[in-house]
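Chemist: structure for this input, please:
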Amino acid sequence: MNWVWLVLAAAAQKPAEAPVTSVTVFSDRARVTRTASVEPGASRLEFPLLLDTADPSSVRVESQGAEVKRVDIVHVDAEEFPADEARALLTEMEKVSDAAAQARNERDSYGSVLDTVRRLSPSAPPNEPLKPTPRLNAAGWGGALAFVDDWSGRMQAKKRELDERLVKLGHREEELREKARILGGARRRSGFRITAVLGVDKPAKVTLTYEARGARWSPTYDIQLLPEKGRVDVSFSGQVSQETGEDWTGVAMTLSTAVPAGSAVVPKLLTWKVGQKDRFIPTATPLVEMVKPPPVAPPLPVSEREADRLRSRLLSTFGVGGGGIGALGGKTSTYDFGDVTIEGELQKPSGGYAMDRKVAKNRAPRKEIAGPDEQDNDADGIPDESDMRRPGPMQPAAPPPPAAAPMVVAEAAPKRHHTAEDIMVTGSRQGGEYEERAPPAPPSVMSLSPPGGYVAPTFAADLAAAQAGGYALSYDALRPETVATGKSARVALFTQSWPVSVERKLFPGLTQEAFLVAELKNPSPEPLPGGHANLFVGADPAGVAQLKLVSPQEGFTLPLGIDRAIKPVRNVKVVDAEKGVIGKDDLSEYRVTIEVANPYDLPIQTRIHDQWPITDDKNVEVKLLKTEPYATQDKVKGALEWRVQVPARGKTSVEFDYSIRRPKSWLLHQ
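Modeler: Predicted structure coming up:
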């Protein structure tokens, strides 16, 4: 019965059901909340494994009705096999297989009944030798055929229903197969195991809150003009995408434009000197340390042997080939250090390159590398880099990061100045493990720029934090949302109806098109972030626009496309004359008339733009004589603007006169 005890012990340590219940999405991360239920008497609560995208420093565990005594956070290596998830996956797969087998059996049964019913047909009774052949009576044929049709329809409907169920079960089986491939080692990932020590006297809720990288959102608007109502419907939503590695299913979602506060070091003024660095010669100082060989690995515990059996069963049940922990390793490189070969995966942490999971293989013994106080090959009395025996090619170390605050004068440190080929080796020359570490960054270079201060994080122009202009705004989703990892979804936030002033902008001197625009004001008590806007007039799309940040009660203009029913007509009449007593000048008077017709049953507002010429030539005189009706004038640009209302099914015209006087026979150009 040892296996029974093992299963019960594993079940006692199984992570609690703690689904994601709420998510707050920022421009570069998300705050995720998981909720678990605990019963009285529970002392430990283990949450599902958090992936490496989670920030362990942001983990918070709170409870309603229970006391949280301690929270343990342990990093789990990618090689640790999730036995509990494998058991649950196998159990669910058995249920899916049983349901599929039952559905197939039922479908086959209904198919047999359908074939039997379809073979039914009327037939004559058997003949008797001493009696004449009876006549066929077709009175019951209609009922028989109706019976066949009724049963055929019912059986076909049952078969269709079972076929649809089998399709859904097949999709679910594919999902379980993919999960089995992940659990089996095809894409194993490390993470953090969170365990809370509780004091529970009554049923309680425990929440786990943490921040995860790889989430973002962008503001999006749908603005629909309703001309008959004189209003616009503004729908605000957020385009959310995430690659946190975990799915958010049916969660309460909040989108925020805030930038989560991070720990920032207060800048410190350093001494700013201008001078010359002392010349020094770097010396090589290899670090050699004896390391005992690793002990022989003890036999696998019972739990690990059980994990291996579960892994084999999982892969064989789902028919997943390959994978396994042995298939997880990345590219393995071999580095030759004379009498030692180091094999492993080259990784790049924040400080430079490092060798992980090294294996040392012995070769024929050779002379060891001597330190600077033991070897001087060029007999100059100073052991330097030329005296070092370079063991072999190395990958270059990562370039040093730029200095946050410039130090114009850097003191010479009493240690070597490493180059890209320098190495540091720890281990025994006759066996054991070796460790390669990247050299420290070189000292700061000379600079005349002032010391730098705190640099705020920057975001892409389409993200919410950049579009909000520094405001910390928050919007709750209208309904529970689902966003799978590696996917994106549009989350509806609110819909409002705003009053609008619609008018047509006309530029008859440039084009005959009438541009439909809407003048809006933000009636909400808080600002709205900028973002991409899809524009509609009624049910017809009118184009797109890029909105900027809109403060409360601030007005803005939206282009809604072209109103092709409005066609302004512009006519120009010229009268030439001569003026002057002694020297004659040419004088031309222009009359410009603009006429606008309204084909609609409602009056429309128009804004008509035109202009008269201006000049810097002292020999040429340009005068604006009159405008009818009066137009707003910009004498610097020579611009005119009328705001007129065109009656329903009517016409409206405006005109202006100007003159140009120049010396006789002069030719004008523009």
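
Chemist: all contacts plus neighbour counts: C-alpha atoms, from now on.
Modeler: Fine.

Chemist: helices of this structure, start to end?
Modeler: 2-12, 83-118, 141-181, 302-318, 464-467 (DSSP state H).

Chemist: other SSEs contacting the last one?
Modeler: Using 3 or more C-alpha pairs under 8 Å, 6 or more residues apart in numbering; DSSP states H and E as the contact definition, the elements that helix 464-467 packs against are strand 215-226.

Chemist: residues touching the strand it packs on, excluding its own?
Modeler: With C-alpha atoms under 8 Å, 6 or more residues apart in numbering as the test, strand 215-226 has contacts from 25-30, 231-244, 255, 462-464, 467, 529-539.

Chemist: of those, just the buried ones, ChimeraX syntax please.
Modeler: Remark: buried members of the contacts of strand 215-226, expressed as a ChimeraX selection using 16 or more other C-alpha atoms under 10 Å:
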select :25,26,27,28,29,30,231,232,233,234,235,236,237,238,239,240,241,242,243,244,255,462,463,464,467,529,530,531,532,533,534,535,536,537
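
Chemist: where does the prediction get shaky in this structure?
Modeler: 1-14, 78-84, 121-125, 136-138, 181-189, 261-267, 270, 272-456, 580-583 (pLDDT under 70).

Chemist: domains for it, by residue range?
Modeler: The chain breaks down by automatic domain parsing into domains covering 85-121+144-186, 215-259+459-560, 326-436, 569-663.

Chemist: highest mean neighbour count out of those domains?
Modeler: domain 215-259+459-560 (a mean of 18; mean count of other C-alpha atoms under 10 Å).

Chemist: that one spans what distance, first to last residue?
Modeler: 33 Å (C-alpha to C-alpha, to the nearest Å).

Chemist: returning to that earlier point: distance to Q670 for the domains of the chain - can I get that in CSV?
Modeler: Shown next, in CSV, are the domains of the chain (distance: least, C-alpha to C-alpha, whole Å):
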stretch, distance to Q670
domain 85-121+144-186, 72
domain 215-259+459-560, 15
domain 326-436, 55
domain 569-663, 9
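
Chemist: looking at those domains, which is nearest to P132?
Modeler: Using C-alpha to C-alpha as the measure, domain 85-121+144-186 is the one of the domains of the chain that comes nearest P132, at 23.3 Å.

Chemist: ok, what's across the strand from the closest residue to L506 other than its chain neighbours?
Modeler: Distances taken as C-alpha to C-alpha, 6 or more residues apart in numbering place I608 nearest to L506, at 4.8 Å, with adjacent residues excluded. For I608, the beta-bridge partners under DSSP bridges are L506, W642.

Chemist: residues contacting V251?
Modeler: 20-23, 480-482.

Chemist: out of those residues, who's nearest L120?
Modeler: With C-alpha to C-alpha as the yardstick, the closest approach to L120 among those comes from T482, at 52.2 Å.

Chemist: residues in contact with the closest residue to that closest one other than its chain neighbours?
Modeler: Leaving aside its chain neighbours, T482 sits nearest to T249 (4.3 Å; criterion: C-alpha to C-alpha, 6+ apart). If you count contacts by C-alpha under 8 Å, 6+ apart, T249 has them with 20, 481-484.

Chemist: looking at these, which is nearest L520?
Modeler: Of all the contacts of T249, L520 sits closest to E481, with 30.7 Å by C-alpha to C-alpha.

Chemist: show me what the closest one is bridged to.
Modeler: Note on E481: beta-bridge partners by DSSP bridges are V251.

Chemist: give the contact list for W248.
Modeler: Here W248 is in contact with 20, 481-485 (C-alpha under 8 Å, 6+ apart).

Chemist: ok, 10 Å please
Modeler: Neighbour list for W248: 19-23, 32, 242, 480-485 [criterion: C-alpha atoms under 10 Å, 6 or more residues apart in numbering].

Chemist: kindly reformat these as JSON lines containing distance to A66.
Modeler: Shown next, in JSON lines, are the contacts of W248 (distance: C-alpha to C-alpha, whole Å):
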{"residue": "P19", "distance to A66": "19"}
{"residue": "V20", "distance to A66": "20"}
{"residue": "T21", "distance to A66": "19"}
{"residue": "S22", "distance to A66": "21"}
{"residue": "V23", "distance to A66": "23"}
{"residue": "V32", "distance to A66": "21"}
{"residue": "Q242", "distance to A66": "33"}
{"residue": "P480", "distance to A66": "27"}
{"residue": "E481", "distance to A66": "29"}
{"residue": "T482", "distance to A66": "30"}
{"residue": "V483", "distance to A66": "31"}
{"residue": "A484", "distance to A66": "32"}
{"residue": "T485", "distance to A66": "32"}
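
Chemist: which of those residues sits closest to R87?
Modeler: P19 (18.5 Å).

Chemist: pretty sure the closest one contacts V206?
Modeler: No - with contact defined as C-alpha atoms under 10 Å, P19 does not count as touching V206 (11.5 Å).

Chemist: spit out the residues that contact these two alike.
Modeler: With C-alpha under 10 Å, 6+ apart as the test, P19 and V206 both reach 34-36.

Chemist: for those residues, which one is nearest D77?
Modeler: R34 (22.3 Å).

Chemist: show me what contacts that closest one?
Modeler: Under the criterion of C-alpha under 10 Å, 6+ apart, the neighbours of R34 are 17-23, 47-48, 61, 206-210, 251.

Chemist: I'd like to know which of those residues are buried.
Modeler: 18-23, 47-48, 61, 206-210, 251.

Chemist: now, which of the residues you listed lie within strands?
Modeler: Among these, the members falling in strands are 20-23, 61, 206-210, 251 (criterion: DSSP state E).

Chemist: among those, which pair sits farthest apart?
Modeler: Maximum distance among these (C-alpha to C-alpha): 18.7 Å, for V61 and V251.

Chemist: spell out, range by range, the strands that occur in the stretch 401-550 of the chain.
Modeler: Using DSSP state E, counting those that start in this stretch, the strands found in the stretch 401-550 of the chain span residues 425-428, 431-436, 474-476, 481-483, 487-499, 501-506, 514-521, 531-537, 540-547.

Chemist: who does the closest residue to A489 other than its chain neighbours form a beta bridge with?
Modeler: Spatial nearest neighbour of A489, chain neighbours left out: V240 (5.4 Å); criterion: C-alpha to C-alpha, 6+ apart. As for beta bridges, V240 partners with W217, A489 under DSSP bridges.

Chemist: in contact with V240, which residues are there?
Modeler: 25-27, 215-219, 255, 483, 487-491.

Chemist: now with 8 Å, please.
Modeler: Contacts of V240 (C-alpha under 8 Å, 6+ apart): 25, 215-218, 483, 488-491.

Chemist: also L558?
Modeler: Contacts of L558 (C-alpha under 8 Å, 6+ apart): 517-520, 545.

Chemist: ok, now how distant is the nearest residue to V592 once chain neighbours are set aside from E589?
Modeler: Spatially, and ignoring its direct neighbours in sequence, V592 is nearest to V572 (4.5 Å; C-alpha to C-alpha, 6+ apart). Using C-alpha to C-alpha, we find V572 at a distance of 10 Å from E589.

Chemist: any idea how far F494 is from the residue nearest to A489?
Modeler: Going from V240 to F494 by C-alpha to C-alpha gives 15 Å.

Chemist: same question, E554
Modeler: 19 Å.
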